[in-house]
Structures are given as structure tokens and as C-alpha cells.
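Peer 1: my questions concern the predicted model and sequence given below.
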Amino acid sequence: MEEIAAARPRDALAFSLLDNHVRLAILDSLYERTVEPGPLASDAAYSAVKSDVGVEDSGRFNYHLDKLTDWFVTKTDDGYRLAEPGRKVVRLRRTRTLAADPAVEAEPVDAECYRCGGDVEASYDAGYLLVRCRECEGLVDHPLVPEGTLSALAYPPSGVSEVGISTAFERSHRRLAHYFRAMGDGFCPNCGRDVTVTFPPDDETRPGTAVGFSHVRHDGLVRLSCGFCGQRRLAHPLSATDDQEPMAAFFGDRGLEPGWDRMAAAMSWPVTSRDGRLAYETPDGTRFVVDDDLTVTRE
Ligand SMILES: [Zn+2]
Ligand SMILES: [Zn+2]
């Protein structure tokens, strides 16, 4: 991680340049004037941005605008635009990730537990969307999550407040499916680096039995990890490959939508470990075998 260490002084300077609410107001104004109207929107005039920000003192306004220029803001012949780092800052703020936590109490959602068939509820707390079964011990075995937890997904507050917990439940799992597909394809959707796949360890006392990773009560999940930015996910390999054959047709034929429905279906199938491969059996007797490169074969 030498490249990360080497970038610290420059990155620290970048954060320090954001340490003023007038500068954040300038970024907001440029976002509304040069990003929201569309990709080919024209530049924003100096006077328009100054008026939006509401700072009368030109010296003070110019001082803050200059601090942002060439890093978060680009000056053009006709005015100003947001540079990509500036857009990233605005987008991060709009997710409300930095804001106070909009906790949402648990509410029932239209889903059933893939372990016991029990009722499922969703809640939101500390940046995580939590899905819990009310009737069993759940999937995740960790002191940081409550009993019955089936998933704990990092999800932005903007996707919960004004949206509602039921929709957030659907969308967070749909988004997770996209993450799994990219990582299953070998790259990290966050940083663009390589992803490695790790199969669950075998039980040495019972050959042919996968024992699964710690903290999850399932023996058939694989770990998808980006060693660069730290994205690490435990995924069901048959839902991580749900956009490829044979899984796309299998799920599609049964009317199972990407997201929770497909994950829950796959999670309910018994799994065995065989010669370093994982084999899953569906309720209608179809067997899917997964190789260590996530190639899926239907048997
Ligand atoms: Zn349950
Ligand atoms: Zn990454």
C-alpha cells in the first residue's frame, strides 16, 4: 500500500480545502448549475455562483473559490465547472453518509426467512440496513448484530429516508446483486482492482464437508475480496452468477427477481463439498456444481 501512504500529504491537503461551509456551498451551486441540467450543460457564470452562495464580500468569496479551483473546480473561459473530485464530494454529501443517523425501527417486509420460513423484518441503524428473522437464530453469528440477523448491508441514509424501509430492503439487495456480479467477474466495483475468490474451508475431520466461514451459519458461501479498497463480501456463488448461464435461465424460468428473491432461494438449498467444488441441490432435484473460478455446471 505504498501508493496510499505516499498520497497522504496530498490527500490531507485536499480534505483541508473542504473545511469551510462557503466552499461546500460553491460546490453545491456548481452541481446544480453544471451537473443536474445534463452532461453537456454549459459552465456556470461567476456572478451566478456568487449569488447562489450569498456571500456579498467579493474578496471573501474569491478567496474560497480560489482554494477550490484546479482541484475541485475547473475554471473555463466562460465560468466555472465542477471537476470530478468536486462531483464526488457533492455525491457523498447527498448520500447523507456524513449526517446524523436516520434510524428506522424494525418493520415487517414482504419476504420470508430462507432458513425457517418465518416472518422477516427490516430496520436501519448506524448506516446499516438490517434484515432479521423473528423466529430463528438467523445467518449472521456476531456480537455486533442482533439475534436473527439474515443480512446487515452498508447502505446510504439517502436510500432510506423519504424512500421507506420496504423499498430500501428491496433496493439494497438488488444493489448487492450488482456488487456480487462484478466481484464474481473478478473486479471490484468500488475501486476497479482485482477481486479474489476464497472457498469455505473444509472440515478436516469430515472429508467432503465444507464448514463455512466464521460468523455465518451457512457452509456454501464464498468470500469475494478486494485487497486494495477492502470490499469484502460473503456471497452465495449461485446468486453471484445469476446474470450468467445456467443460473440466469434457472431463476428467470421460476420468476425469481434479482436481489433478495434469488439470494433467498439459493440460500435455502443444501450444499456439499466435493473435490474442492461446491454442489447445491434445488428442491426440484437440479444440482449445480461450482468450481473455484465460479464456473457453474448444471448436472
Ligand atoms: Zn428464520
Ligand atoms: Zn476495491
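Peer 2: Great, that's in hand. Ligands and ions are numbered 1, 2, ... in the order given.

Peer 1: which residues of the stretch 51-200 of the chain lie near ligand 2?
Peer 2: By C-beta under 5 Å from the ion, the residues of the stretch 51-200 of the chain that approach ligand 2 are C188, N190, C191. Where you see a C-beta, it was placed from the backbone N, CA and C, and this is true even at glycine.

Peer 1: which among those residues count as buried?
Peer 2: C188 (16 or more other C-beta atoms under 10 Å).

Peer 1: the residues of the stretch 51-200 of the chain next to ligand 2 in strands, which ones?
Peer 2: Using DSSP state E, no member of these falls within strands.

Peer 1: closest one of the residues of the stretch 51-200 of the chain next to ligand 2 to V131?
Peer 2: Distance to V131, by C-beta to C-beta, is smallest for N190 among these, at 22.1 Å.

Peer 1: could you check how far the closest one is from ligand 1?
Peer 2: N190 sits 31 Å away from ligand 1, going by C-beta to the ion, to the nearest Å.

Peer 1: same deal with V73?
Peer 2: 51 Å.

Peer 1: can you start the count at 54 instead of 1 from here on
Peer 2: Noted, 54 is the first residue going forward, which turns the last one into V126.

Peer 1: touching, that residue and L77? I think so.
Peer 2: No: V126 is beyond contact range of L77, at 11.9 Å (criterion: C-beta atoms under 8 Å).

Peer 1: what about these two, which has more around it?
Peer 2: Between V126 and L77, counting by other C-beta atoms under 10 Å, V126 is the more crowded of the two (23 against 18).

Peer 1: ramachandran angles for that one?
Peer 2: Per-residue torsions, V126: phi -130, psi 140 (degrees, to the nearest 10).

Peer 1: in contact with S82, which residues?
Peer 2: Residues near S82 by C-beta atoms under 8 Å, 6 or more residues apart in numbering: A97, A101, V102, D105, V106.

Peer 1: and the furthest pair within these?
Peer 2: Across these (C-beta to C-beta), the longest gap, 11.2 Å, separates A97 and V106.

Peer 1: neighbour count winner among the two?
Peer 2: A97 (25 against 20).

Peer 1: beta partners for that one?
Peer 2: Y133 (DSSP bridges).

Peer 1: so it is in contact with K128, correct?
Peer 2: No: contact criterion C-beta under 8 Å: A97 and K128 do not qualify, at 10.9 Å.

Peer 1: can you give me the strands for the stretch 54-203 of the chain?
Peer 2: 126-128, 133-135, 157-165, 172-178, 181-186, 202-207 (DSSP state E, counting those that start in this stretch).

Peer 1: is the fifth one in proximity to ligand 1?
Peer 2: Yes: where contact is defined by C-beta under 5 Å from the ion, part of strand 181-186 touches ligand 1, namely C186.

Peer 1: who are the packing partners of that strand?
Peer 2: strand 157-165, strand 172-178, strand 202-207, helix 218-237 (3 or more C-beta pairs under 8 Å, 6 or more residues apart in numbering; DSSP states H and E).

Peer 1: hmm, 7 Å instead?
Peer 2: With contacts taken as 3 or more C-beta pairs under 7 Å, 6 or more residues apart in numbering; DSSP states H and E, strand 181-186 sits against strand 172-178, strand 202-207, helix 218-237.

Peer 1: which residues are contacting it?
Peer 2: 159, 166, 168-169, 171, 173-176, 191, 198-199, 201-208, 221-222, 225 (C-beta atoms under 7 Å, 6 or more residues apart in numbering).

Peer 1: of the contacts of S82, which is the nearest to L309?
Peer 2: For the contacts of S82, the nearest to L309 is A97 (46.6 Å; C-beta to C-beta).

Peer 1: so that closest one versus ligand 2, what's the distance?
Peer 2: A97 is 33 Å from ligand 2, by C-beta to the ion.

Peer 1: can you add pLDDT and distance to V275 and give the residues of the stretch 104-253 of the chain next to ligand 2 back as CSV?
Peer 2: What follows is these, written out as CSV (pLDDT from 0 to 100; distance: C-beta to C-beta, whole Å):
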residue, pLDDT, distance to V275
C241, 97, 15
N243, 95, 18
C244, 96, 20
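
Peer 1: show me which of the residues of the stretch 104-253 of the chain next to ligand 2 is closest to D64.
Peer 2: Nearest to D64 among those, with distances taken as C-beta to C-beta, is C244, at 14.7 Å.

Peer 1: what residues are up against the closest one?
Peer 2: Here C244 is in contact with C279, F281, C282 (criterion: C-beta under 7 Å, 6+ apart).
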